[in-house]
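K.L.:
From the sequence below, what's the structure:
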Amino acid sequence: MKLAHVMAFVAAVTARLAPVVVALNVALTLAPTEAQATGSAASPCTTSAPRVRVRIPGMASPEYSSPSSPAGHYERIVVHGASLEGNLEGDCPDRQVSIYLPPSYGAAPKRRYPVLYLLHGFTDTDDFWFGRNGPNFVVVQSAADAAYAHGGREMIIVMPNAYTKYAGSMYSNSIVTGNWEAFVTHELVDYIDHHYRTLARPASRGLAGHSMGGYGTLRLAMKYPGIYSSIYAMSPCCLDANLHPSPAIMARAAEVRTDAEIAAADFGTKAMLASAAAWSPDPGSPPRYLQLPIMNGQPVPSVIAEWAANAPLAMLNQSIPNLKTYTAIAFDAGDKDVGIANTIRSLDKTLRAYGMAHDFTIYQGNHVDHIQQRLESKVLPFFSKHLAFE
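P.N.:
Numbering: from 1, shown residues only. Down below sits the predicted model:
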């Protein structure tokens, strides 16, 4: 992450980071189906992300478990991303994808459904969000079942695993990370439409995400109109340009060279490396193939400009025509998530200046402690209202 407020957030976090917590891979109660997509030749590589998460001090949250008897059906498949082949990080182009089919899917073989594409955040994976590694701050099946029980309309929910060498793809296009924009907006959508009973049209597709996934939601919506009709960004990171990066954090990032050092790096260091891999790639600089915005204590203006160009608030004015094509736009953040709350206030102000209808909320909470409730009571009802179901 690299925006002005998030950089300050990262600096504070890394100064107080708790030890890395290794989450044991526990048995899943939902007995998922594992399947291999064969749209093109699959690579002989593993798609399993390391089961390592960094817990952030001051961001406590209740935790939820997978339901023992879910209303819908969970399965985890593998989708090959031709657009991810040859990435210089060496990440596998075969990506695991979690899918939650609605309760009536098996009993109504002629029925077709809208699809919500859901993007997870930095250091997260799809299997954390679907409860495969034990309790988590959000579990999609529980939220969806509760939403359905309160009148929410049924939809297919899809989440790709975007965990990479540096713990997050930023849902961007880079020779280092691969073209995650194309994978999410085209290859994944095409695969789901051809293998599940979807309503295969933009009016029946939604895009939402949390944190890095909220950033990805806005980025992809701005750049790729005509794929989705409604979008919802939850606590979206990285919205504004940071013209004054932290020398201390960048110095730590510059020292990381090996895979072992990457694995041992703190949250802030990983975040800077992930941002550089996504936004300032350099195929001529092995072994990391990236440039940082500060080197040897000195700012690198060209790299700072590259990072700024990837900030959604910097892209916003030129993206207004694309954003006007969406049926509905929503975004929110907790009031204690101060930096991000400030950036979505700026987003709200600009959209209002253009006369664009949207839903905007600052609620009481931090970056993670209300995500389960927001998904259940706000996000899924939002798509129930705005997606086309026929």
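
K.L.:
could you point out the longest helix in this protein?
P.N.:
helix 338-353 (DSSP state H).

K.L.:
What's the mean pLDDT across it?
P.N.:
The predicted model gives helix 338-353 an average pLDDT of 98.

K.L.:
Alpha carbons of it, in CSV - could you do that?
P.N.:
Provided in CSV are the C-alpha atoms of helix 338-353 (Å, rounded to 0.1, in the frame of the first residue of the first chain):
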residue,chain,number,x,y,z
VAL,A,338,-8.6,7.3,10.1
GLY,A,339,-6.5,7.5,7.0
ILE,A,340,-8.8,5.4,4.8
ALA,A,341,-11.9,7.2,6.2
ASN,A,342,-10.3,10.5,5.1
THR,A,343,-9.6,9.2,1.6
ILE,A,344,-13.2,8.0,1.0
ARG,A,345,-14.4,11.3,2.2
SER,A,346,-12.4,12.8,-0.7
LEU,A,347,-13.9,10.2,-3.0
ASP,A,348,-17.4,11.1,-1.9
LYS,A,349,-16.7,14.9,-2.3
THR,A,350,-15.5,14.4,-5.9
LEU,A,351,-18.4,12.2,-6.9
ARG,A,352,-20.9,14.6,-5.4
ALA,A,353,-19.2,17.5,-7.4
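
K.L.:
Pull the distance from it to the chain's centre.
P.N.:
19 Å (C-alpha atoms, centre = their mean, to the nearest Å).

K.L.:
Please name every helix or strand in contact with it.
P.N.:
Contact partners of helix 338-353 among helices and strands, from 3 or more C-beta pairs under 8 Å, 6 or more residues apart in numbering; DSSP states H and E: helix 4-15, helix 312-323, strand 328-334, strand 359-363. Yep, even glycine has a C-beta here, placed from its N, CA and C like the rest.

K.L.:
rerun that using 10 Å as the cut-off
P.N.:
Contacts defined by 3 or more C-beta pairs under 10 Å, 6 or more residues apart in numbering; DSSP states H and E place helix 338-353 against helix 4-15, helix 212-223, strand 230-234, helix 312-323, strand 328-334, strand 359-363.

K.L.:
most tightly surrounded among the ones you listed?
P.N.:
Stretch with highest mean neighbour count among those: strand 230-234 (a mean of 28; mean count of other C-beta atoms under 10 Å).

K.L.:
circling back: mean pLDDT and distance to residue 254 for the helices and strands packed on helix 338-353 - can I get that in TSV?
P.N.:
Listed next are these as TSV, based on pLDDT from 0 to 100; distance: least, C-beta to C-beta, whole Å:
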stretch	mean pLDDT	distance to residue 254
helix 4-15	41	15
helix 212-223	98	22
strand 230-234	98	31
helix 312-323	98	25
strand 328-334	98	31
strand 359-363	98	36
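
K.L.:
If I take the longest helix of the chain and strand 359-363, what angle do their directions form?
P.N.:
Interaxial angle of helix 338-353 relative to strand 359-363 (axes from the mean of the first three to the mean of the last three C-alpha atoms, to 10 degrees): 150 degrees.
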